[in-house]
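> fold the following, please.
(chains A, B and C)
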Amino acid sequence: MPSSEQLAQLILSGITQGSIYALIALGFVTIYNVTGVINFSQGEFAVIGAFVAITLSQKVLLWHGQMTASLEWPLPVAALIGVAAAVLIGVLLYRLGIQPSRNASPLSQIVVTIGASIALRGLVLLAWGTDPYRLTPFTEGPPFDLMGAILTRQSVWVMGLTVVFVVSLFLFFKYTLIGKALRASSANPGAARLMGINPQWMGLIAFALSAGLSALAGIVVAPVTFMTFDRGLMLSLKGFVAMIMGGLTDPVGAVVGGLILGVVESLAAGLISSGYRDAFTFAILVVVLLVRLGGFIKGRKGEALERAGL
Amino acid sequence: MKNKLNIVISVLAVLALLLTACATPTTEAPKPTAAPAQPTAVPATKAPEATKAPEPTKPPEPYVIGAFLSSTGPASSLGQPEVDTVNMMAEQFNKAGGIKGPDGKMHEVVVKMYDDQSDPTKAVEAVKKIVESDKALVIVGGTSSGASIAVNETVTKAKIPFISVASSSAIVTKADGSQHEWVFKTPQQNLPVAQVQIDWLKAKGFTKIASVGVNDAFGKDSMAAMKKAAGDAKINLVYEGTFEPKTTDFSPQITAIKAAAPEAVIVHAVPAEGAPFTVQYRDLGLKFPLVHNHGIGNQAFIDTAKVAANGVLFPIGKILVIDQLAANDPQKPVIDKYIADYKAKFNKAPSSFGGHAWDAMIMVKMALEAAGPDSAKIRDFLETKIVKFVGISGIFTIDAKDHTGIGKESLVMVQIKDGKWLYVAPADYAKVP
Amino acid sequence: MLKVDGISTFYGHIRALNHVSLDVNDGEIVTLIGANGAGKTTLLNTISGMLHPKNGDVVFDSKKISRMRAEQIVRLGMSHVPERRQVFGSLTVLENLTLGAYCRVSRDGWKAIYQDIEKVFGLFAILEKRKEQLAGTLSGGEQQMLAVARGLMAKPKLMLLDEPSLGLAPLIVQEIFRIITELRKSGTTILLVEQNARAALRVADRGYVLENGHVVMSGKAAELTADEQLQKAYLGGRSNGKG
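Down below sits the predicted model:
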């Protein structure tokens, strides 16, 4: 029987992991709602953001040791450039991959994003190799004791910044003109065009926003869990499962889904076996799909009815 | 939008495909070094001696050595120095005119090198190519224990001797304790490593330990060795746990270790998981001494774990601390020369993993000199004629009952301090960490 | 103000409009009448840039707009209130109205837009009461008013209204037509598509009759109302039928 301290510890680390899944899921939902694309390079943005920030802020060997980066810029500057790099790649992905294929089926567009993620992973592998990298924690110092569970300072950063990012994003959607235009565009793209809202511009913003959000997630978690070139796929997958748990289009649901996923995984790994960590993710996916299967169909019909004005 | 269900299901199908590809994480990535499909023959400095020699009608046939190592993938921090060492050795042999076979002629050495990408399946594919199309006389390789074990059947069927550079006892030892006929290995077994760790625990007077390792062939073998050695020494394992390869969050294991309150924690991993584990262990504020096994003995561990590496203890071959050992250590001349050669060529210090490859290549050279291009004779040579051979990893004496040939005496205890390797003499065990 | 010159529009291989021409002059209300599937909505969509004609030209305010996209055309001062309302259901009434002025924010500033929202509330009192409500929760009539109000927020020179009375109760229909007359008084030019031909002709200056993608008849509203054939086909004694 696990002690209450052990449970508290597992839940705390689950929330830390889940925060990252939540941010990535939010990126998924943003892009899906505006463009109808499920963007599987979402996790790669987190990897790229983290790697750029690591490279600019500490000593790193690049291109198989042929180059040494020792810029050691302050972390906020490095993080900002990391986010900017991911945003740029997000914009390029939209311009070069998604926009030209906008008349293709959603599935073809998803394949485009999967292709992009494979290419990006290869690029990261070439530049940074296969070693895990760690970003220096934002603040040094001993961890906090919370009812016998240990909470590292970086975990506090992860949870705090996740709240800040999520709230900022919701404020952005609620109170800015662009935010409202993005929501309008996802509610009814045709009518949005009649308001003068350019759907391609909205798609671009959605990709930029999601890429930036994922990069932030990658950067805040890199001091806790390290970053390796191949983490993107798993992050995408977890974000995608969180998105489905939240009902595919609901940003609040995606955040909640991400947190639940993180906690369940952590409990499964701690109480049953670490081998079951990912197995539980997929078990959740299956269960949610079975339970919500009807939900999706109803949602589809509901939308069709709405379109028909009934 | 209009067909959510279809999209979700199709995406899942695509993902299923991607996840199966996940097992080979670098498949799609461009290979920085040798492409697995086309072996890169080592740039043989095309035997200048051969032209100087009094015009033989045609040059003697080259001796082909097959090699498969992990220059990419999670084991690459181990594999890359091995690749470098194998290439360096082949170049040295050829600079000297090649290997002088029993026929008295100098034979050029050709290495057919493959990257197994830290993947046992890829390793088997590579070995099949080495056997079938390259027609190698002998094989060196298998960075990871998993890869080394996986190719056993192939080399045995082909009757080609294979010298592994990985450590699991299962590479050479069958379930009944006898040795696989065609397989040898140069690194220490995990059992002597565990025995050195136990010596230290006894010196400290510890009786309660936690044992945690990566859930793969290497980690499981090392954990089993620890369990056996601890049982022999009457030391209790108050916690035993595993984590999956490529894990990034170790808090479940660390939490459980904290709850079990051991006197020391023994970790069985390579830097890819060992470094993040160490960092999170320190972050979560656990104070029990941290002891790793020989899997982490390379610079990548220190580079990744940084200050968290401070104080970590582990048994390893002498190469890491040779400058701190007695000047009359019998291995010192050999290790010093290897370090000098490696530094001159690659401008960095070699690791014990490169040393395993060095040992294997020298054994191969000796076998080819004595047995010539005959795989069966090479095998017989390796099993009977490697006696008191002074190598990098230890002083080898191989026989039919032991295809490893070195034990506990070849290991030293090392502590990491401020990014440096520090030798800990057995007399000082009680004083560290 | 608007000149449609011989346009043909296709859905794939199906010709939905065949050589249609019409004019709308400054300050006029012009109505398009015709049965379901006659091409009325297609014509409005082609004018507003949601569809592009295969041949022919659309000229608005002496600019050729037939190759421009919908989101560009709205900036020139043409507002299209689409059929079946199409309000943004998951946004509030106020947000819907704000987005109606999306293309004006950079040009006119927020102050002017808030003033216009107040003006629109003067015209549609019910919307002010509902301003924080999600548009999707409004009744059909309220949604129609919101759609028209949202269109007005772009301060258009020309408004395209597609079936504003569709599916609404008679009282609400009266209200909608009252508003259309008021808009005209304030100087907005209107192109009105209606199946409720009788009511449309009552407020309109001129009208066009579409049948199978052709203009089959056009003229002053009074003349059309008096036309015997038309009466038989479209005005057949019903005041607010569905055609």
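> lowest average confidence, helix or strand, in chain B?
helix B:48-52 (a mean of 47; mean pLDDT, DSSP states H and E).
> how about whatever residue of the stretch 101-250 of chain A ends up closest to chain C, nearest residue that isn't a chain neighbour?
Using CB to the nearest CB, the single residue of the stretch 101-250 of chain A nearest to chain C is residue A:196, 3.3 Å away. For every residue, glycine as well, the C-beta is placed using N, CA and C. Spatial nearest neighbour of residue A:196, excluding adjacent residues (CB to CB, 6 or more residues apart in numbering or on different chains): residue C:103 at 3.3 Å.
> okay, residue 122: pLDDT?
Since no chain was named, I'll use chain A. For residue A:122, the model assigns a pLDDT of 92.
> think we crossed wires, I meant chain C
Residue C:122 is given a pLDDT of 90.
> please identify which helix or strand holds whatever residue of the stretch 1-150 of chain A ends up closest to chain C.
Closest to chain C within the stretch 1-150 of chain A is residue A:33: 9.9 Å, counting by CB to the nearest CB. Element membership of residue A:33 [criterion: DSSP states H and E] is helix A:4-35.
> what's the first helix or strand after that helix?
helix A:42-57.
> buried ones in that next one?
A:42-57 (16 or more other CB atoms under 10 Å in any protein chain shown).
> name the nearest of these relative to residue A:281.
Within those, proximity to residue A:281 (CB to CB) peaks at residue A:43, which comes in at 13.5 Å.
> residues contacting the closest one?
A:24, A:117, A:214, A:231, A:232, A:233, A:234, A:235, A:236, A:237, A:239 (CB atoms under 8 Å, 6 or more residues apart in numbering or on different chains).
> one more time with 7 Å, if that's ok
A:24, A:231, A:232, A:233, A:234, A:235, A:236, A:239 (CB atoms under 7 Å, 6 or more residues apart in numbering or on different chains).
> again with residue B:281
Residues in contact with residue B:281, defined by CB under 7 Å, 6+ apart, are B:254, B:290.
> could you do residue A:90 as well?
A:45, A:207, A:208, A:210, A:211.
> what does residue A:274 give?
Taking CB under 7 Å, 6+ apart as the test, what residue A:274 contacts is B:242, B:243, B:244, B:247, B:252, B:253.
> could you check the pLDDT of residue B:46?
For residue B:46, pLDDT reads 45.
> my guess is residue B:349 contacts residue B:340. True?
No. With contact defined as CB atoms under 7 Å, residue B:349 does not count as touching residue B:340 (10.5 Å).
> ok, those two, which is more surrounded?
residue B:349 (15 against 11; other CB atoms under 10 Å in any protein chain shown).
> quick one: what helix or strand has the more buried one in it?
Going by DSSP H and E, residue B:349 is not in any helix or strand.
> could I get the contacts of residue A:43 as TSV with secondary structure?
Below are those laid out as TSV (DSSP: H, G, I helix; E, B strand; the rest coil):
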residue	secondary structure
A:24	helix
A:231	helix
A:232	helix
A:233	helix
A:234	helix
A:235	helix
A:236	helix
A:239	helix
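> any chance of those residues in CSV, plus distance to residue C:127?
Shown next, in CSV, are these (distance: CB to CB, whole Å):
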residue, distance to residue C:127
A:24, 39
A:231, 50
A:232, 47
A:233, 49
A:234, 49
A:235, 45
A:236, 43
A:239, 39
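> contacts only, for the residue most central in space within chain C.
The centroid of chain C falls nearest to residue C:161 when counting by CA atoms, centre = their mean (1.1 Å). Contacts for residue C:161 were tallied using CB under 7 Å, 6+ apart; they are C:81, C:190, C:192, C:193.
> run a quick neighbour tally on the third one.
Spelled out, it's residue C:192. Count around residue C:192 with other CB under 10 Å applied: 26.
> so what's it bridging to?
residue C:31, residue C:161 (DSSP bridges).
> and if you look at the first one?
According to DSSP bridges, the residues that bridge with residue C:81 are residue C:161.
> count of neighbours near it?
Residue C:81 has 28 neighbouring residues, counting by other CB under 10 Å.
> thought it was touching residue C:152?
No. Look at residue C:81 against residue C:152 with CB under 7 Å: they stay out of range, at 8.8 Å.
> can you give me the end-to-end span of stretch A:94-111?
13 Å (CA to CA, to the nearest Å).
> contacts (any at all) between chain C and it?
No. Judged by CB under 7 Å from any CB of the partner chain, stretch A:94-111 stays clear of chain C, getting no closer than 13.3 Å.
> tell me the secondary structure for the residue of chain C found nearest chain B?
Residue nearest to chain B within chain C: residue C:90 (13.4 Å; CB to the nearest CB). Counting by three-state DSSP, the backbone at residue C:90 sits in coil.
> got a list of what it touches?
Here residue C:90 is in contact with A:183, A:187, C:134, C:136 (CB under 7 Å, 6+ apart).
> out of those residues, name the ones that lie in helices.
A:183, A:187 (DSSP state H).
> show me where the stretch 51-200 of chain A has its strands.
A:60-62, A:67-69, A:144-146, A:149-151 (DSSP state E, counting those that start in this stretch).
> can you lay out those as CSV showing mean neighbour count and mean pLDDT?
Shown next, in CSV, are those (neighbours: other CB atoms under 10 Å in any protein chain shown; pLDDT from 0 to 100):
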stretch, mean neighbour count, mean pLDDT
strand A:60-62, 17, 79
strand A:67-69, 12, 77
strand A:144-146, 12, 83
strand A:149-151, 22, 84
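> how about those strands, which one is nearest residue B:194?
Of the strands of the stretch 51-200 of chain A, nearest to residue B:194 by CB to CB is strand A:149-151, at 29.3 Å.
> direction included, what does the closest one pair up with?
Here, using DSSP bridges, strand A:149-151 pairs with strand A:144-146 (antiparallel).
> circling back: can I get the strands of the stretch 51-200 of chain A in CSV with distance to residue A:255?
Below are these laid out as CSV (distance: least, CB to CB, whole Å):
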stretch, distance to residue A:255
strand A:60-62, 32
strand A:67-69, 35
strand A:144-146, 22
strand A:149-151, 20
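> other residues contacting the worst-scoring helix or strand of chain C on mean pLDDT?
Least confident helix or strand, chain C: helix C:228-234 with a mean of 82, by mean pLDDT, DSSP H and E. Applying CB under 7 Å, 6+ apart, the contact partners of helix C:228-234 are C:33, C:197, C:209, C:217, C:224.
> farthest pair within these?
C:197 and C:217 (11.5 Å).
> neighbour count: these two, which is higher?
Per other CB under 10 Å, whichever of residue C:197 and residue C:217 has more neighbours is residue C:197, with 28 against 18.
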